[in-house]
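Q: 3D, please:
(chains A and B)
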Protein chains: 2
Amino acid sequence: MPKIAYLECARCGHHVSADTPQTLCPLDAGSLYVRYDMDELRRTASRDRVAERAAASPRSLGMWRYADVLPEVEPVSLGEGWTPMLQSKRYSGLLVKEEGANPTGTFKARGLGLAVTMAKHYGLKHLAVPSAGNAASALAAYAAAAGIKAHLYMPQDVPLANHLEGVLYGADVTLVDGLISDCARIVGETIKAQREAGTPAEDIWFDISTLKEPFRVEGKKTMGYELVEQLGWEYPDAVFYPTGGGVGLIGMWKAFEEMEALGWVSGKRPKMYALQATGCAPIATAYDAGAAASEFFQNADTVAAGLRVPKPYGDSIILDIVRNSGGSVVASTDEEILASIADWATNEGLFLSPEGAAATAAYDKLIASGELKSTDRVVLFNTGAGLKYVDTIAEAIKLRRPQLLPKSLPVGGIITPV
Amino acid sequence: MPKIAYLECARCGHHVSADTPQTLCPLDAGSLYVRYDMDELRRTASRDRVAERAAASPRSLGMWRYADVLPEVEPVSLGEGWTPMLQSKRYSGLLVKEEGANPTGTFKARGLGLAVTMAKHYGLKHLAVPSAGNAASALAAYAAAAGIKAHLYMPQDVPLANHLEGVLYGADVTLVDGLISDCARIVGETIKAQREAGTPAEDIWFDISTLKEPFRVEGKKTMGYELVEQLGWEYPDAVFYPTGGGVGLIGMWKAFEEMEALGWVSGKRPKMYALQATGCAPIATAYDAGAAASEFFQNADTVAAGLRVPKPYGDSIILDIVRNSGGSVVASTDEEILASIADWATNEGLFLSPEGAAATAAYDKLIASGELKSTDRVVLFNTGAGLKYVDTIAEAIKLRRPQLLPKSLPVGGIITPV
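A: Below is the predicted model:
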């Protein structure tokens, strides 16, 4: 595992040391990327070594098979990463990257697995996060594993799973009458107040918001390494990524840069498609308008809770990547998303999250318009398990639940043919 | 992949051909096991070949890394198996096999993955199952992937996830005022009526109940191969297995027999512990009484829905294995199970299913009694993701949900400090 050379601001290129915990660039509040000594990496890391490391371990290493391109540190691991890549049964070119197999059921385990690993390394005691739900669940799980206190701020109508997970993992859970943007504001104000009140340093919360510290994007980059390795170290034609905060997409792009610098992959990078819900589509709106950044999306409301991010912190980076890659941004309605969940469950045996279904719904539209062919090699991310949304999907499709009879001796009659 | 030599009755040893679909032994209704030509297997299969096959595939093969000891057939796969084995952070000898990472979130994916694979191979069009919930979900998913119609019979108070999954996957879902035993009776009666009515052969349902066809146990045996391989081809001291139908335990025992015959593992087999809930403990009751088989457990009621099997079909096989291995059967109360869920979430970052927590609760008791030491090498199965039980656990711990305000502009106030 390599030492971190420095952290680099995505906006101005300023270098910051990784010896102490860092948040944003001190000069212009840009996001910080982890940078290694690439000459050293070229000597120490290779595709063969990834395979050898994996083969030498009797258990699955998950995303830590890429330890040679991750910070040198003792992992806090719950088995994240190296998720299945499934061949669609209907579209010969379409592969689904099943991130629901991760701990806590979503891709968030990758970024928070690494971010909590580093927080433990730095000796941090309190981690706070504003979240649409799944990042909070993942933080709570990894913080519990690391013996760190987690402080979660989520919208009040977050799926039941996220609420319950936070409580069970022993986190400090606060539900907010608002969206992730309101949660972020409250976390920021709380930390500011702690500082102003002269709170001892170790009791001040660390804001582990995505892109406001360097390691969540660094963990998520493993999706980029995985998809390329799982295609035999080749790029697909396109990547479909449900985009709330969009950091998975940013992380994959960083992975592609690194892999090219290391000579692990070559050729044309995939077109990157960012998929949103019409009920919260700041990136789609900016993309259509040709704008360089997004504007705050008013009255965000969609069944895809993870896409309810009205103003992603990395908006301009996402827009740059999509445009440079030749991809695009497509938003789908909740009706289209729910229809795609049912379609994929019935016809492929996969229970997608609403976010994943925003990607499949967009795929259908681009196939119908002729922009894509079903033989084009596409890797589509189902970012989470449908099981995280059982309550909200059951409500949305008006699942008819039985009126339970009073507990009695079983009589064995059929009560609800559904 | 080897051809099946024959199917063998677990009771009388009678041989049956696998060329056509089989249910139970025609002589004495014993369960049928898949048998291969072991001389051929010794020539064609090896531990090295398992590793080579896995290394040669850029994607994870899941349980199909053991293709050399599974029937020769085109898999219907959703990415099942090769699940994480996690080191406990508190007990140095304890490893948790995380079956929640499987498709549909439970170990049931292994057995039904193979059973549906074989059903497709045989050209079956209708599969029916009585289920406590998770087997129904898995059947529905694999049947959808295979283009086969699934008919699910579950108790009316099955967790919401199981009900929703069945409906989304396009299965024919029936909720029954009773338990899995009532569901089994109804499936049997329905098939009998179909036969008597002269229903065309291809429209008669095939009963894919566990141990009433040969391939669910054959798929579940991969858990035995995996745990031994993941320990470096060595046995642990003990295996802890939550036991409803108990077929996972039976499958692992079959795997141990095969692996010994192939020379893949040697030494003392692990003590097998079958873990139950006091609200439905037929195996524990029989074990304590020194009985050879269980009696129907009256008024079964437990938060661990998967353990609500009042009279497992394989009861005598399970009791034999537990006794021969030197293990035992331990039942825990719902209070102990819920406390163990909270304990493991807070202290290890793992959200166990209630069934998995029946195993951890029993582990705690055996550590306290001195029957086990924390350094004893134990592989404990979390048979499913806690996420499959969000509604029942939230209800059981009386999770306080916010009263949602009418939808309004976000005001950003904290409404529910929990």
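Q: mind listing the strands the one helix or strand A:Leu152 maps to pairs with, and their directions?
A: Under the criterion of DSSP states H and E, A:Leu152 resides in strand A:149-155. With DSSP bridges as the test, strand A:149-155 is paired with strand A:126-130 (parallel), strand A:172-177 (parallel).
Q: so of these, which one's packed in deepest?
A: The highest mean neighbour count among the strands paired with strand A:149-155, using mean count of other Cβ atoms under 10 Å in any protein chain shown, belongs to strand A:126-130: a mean of 26. Every C-beta, even on glycine, is put in place using the N, C-alpha and C of the backbone.
Q: check contacts around the nearest residue to A:Thr346 once chain neighbours are set aside.
A: With sequence-adjacent residues excluded and distances taken as Cβ to Cβ, 6 or more residues apart in numbering or on different chains, A:Thr346 is closest to B:Gly170, at 3.7 Å. Counting by Cβ atoms under 8 Å, 6 or more residues apart in numbering or on different chains, B:Gly170 touches A:345-347, B:140, B:144, B:150.
Q: make it 7 Å
A: For B:Gly170, the contacting residues are A:345-346, B:144, by Cβ atoms under 7 Å, 6 or more residues apart in numbering or on different chains.
Q: now those residues as JSON lines including secondary structure, distance to A:Arg11 and neighbour count?
A: Shown next, in JSON lines, are the contacts of B:Gly170 (DSSP: H, G, I helix; E, B strand; the rest coil; distance: Cβ to Cβ, whole Å; neighbours: other Cβ atoms under 10 Å in any protein chain shown):
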{"residue": "A:Ala345", "secondary structure": "helix", "distance to A:Arg11": "42", "neighbour count": "25"}
{"residue": "A:Thr346", "secondary structure": "helix", "distance to A:Arg11": "46", "neighbour count": "16"}
{"residue": "B:Ala144", "secondary structure": "helix", "distance to A:Arg11": "47", "neighbour count": "27"}
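Q: quick revisit: any idea how far the residue nearest to A:Thr346 is from B:Leu275?
A: 34 Å (Cβ to Cβ, to the nearest Å).
Q: again, but for A:Ala361
A: 43 Å.
Q: next one: A:Lys125
A: 36 Å.
Q: which one's more surrounded, these two?
A: Between A:Lys125 and B:Leu275, counting by other Cβ atoms under 10 Å in any protein chain shown, B:Leu275 is the more crowded of the two (32 against 15).
Q: quick check on the more buried one: phi, psi?
A: Dihedral angles of B:Leu275 (phi, psi; degrees, to the nearest 10) stand at phi -110, psi 130.
Q: what of A:Gly326?
A: Dihedral angles (degrees, to the nearest 10) for A:Gly326: phi 80, psi 10.
Q: so what's it scoring on pLDDT?
A: In the predicted model, A:Gly326 carries a pLDDT score of 98.
Q: can you check A:Met63 too?
A: Per-residue pLDDT puts A:Met63 at 98.
Q: contacting residues around it?
A: Neighbour list for A:Met63: A:80-82, A:110, A:222 [criterion: Cβ under 7 Å, 6+ apart].
Q: which of those come close to chain B?
A: A:Trp82 (Cβ under 7 Å from any Cβ of the partner chain).
Q: ok, back up a step: against which helices or strands is the helix or strand just after the strand holding A:Leu152 packed?
A: Downstream of strand A:149-155, the first helix or strand assigned by DSSP H and E is helix A:160-168. Secondary-structure packing of helix A:160-168 (3 or more Cβ pairs under 7 Å, 6 or more residues apart in numbering or on different chains; DSSP states H and E): helix A:134-146, strand A:172-177, helix B:334-348, helix B:390-396.
Q: now with 8 Å, please.
A: In terms of contacts (3 or more Cβ pairs under 8 Å, 6 or more residues apart in numbering or on different chains; DSSP states H and E), helix A:160-168 is packed against helix A:134-146, strand A:149-155, strand A:172-177, helix A:390-396, helix B:334-348, helix B:390-396.
Q: quick one: the helices in the stretch 301-418 of chain A, in order.
A: Using DSSP state H, counting those that start in this stretch, the helices of the stretch 301-418 of chain A run over residues A:315-325, A:334-348, A:354-369, A:390-396.
Q: and the stretch 201-350 of chain A, which residues reach chain B?
A: For the stretch 201-350 of chain A, the contact set with chain B under Cβ under 8 Å from any Cβ of the partner chain comprises A:229-233, A:299, A:301, A:341-342, A:345-350.
Q: between those residues, which has the most around it?
A: A:Leu350 (30 neighbours).
Q: pLDDT below threshold where in chain A?
A: Scanning chain A for pLDDT under 70 picks out the ranges A:1, A:403-418.
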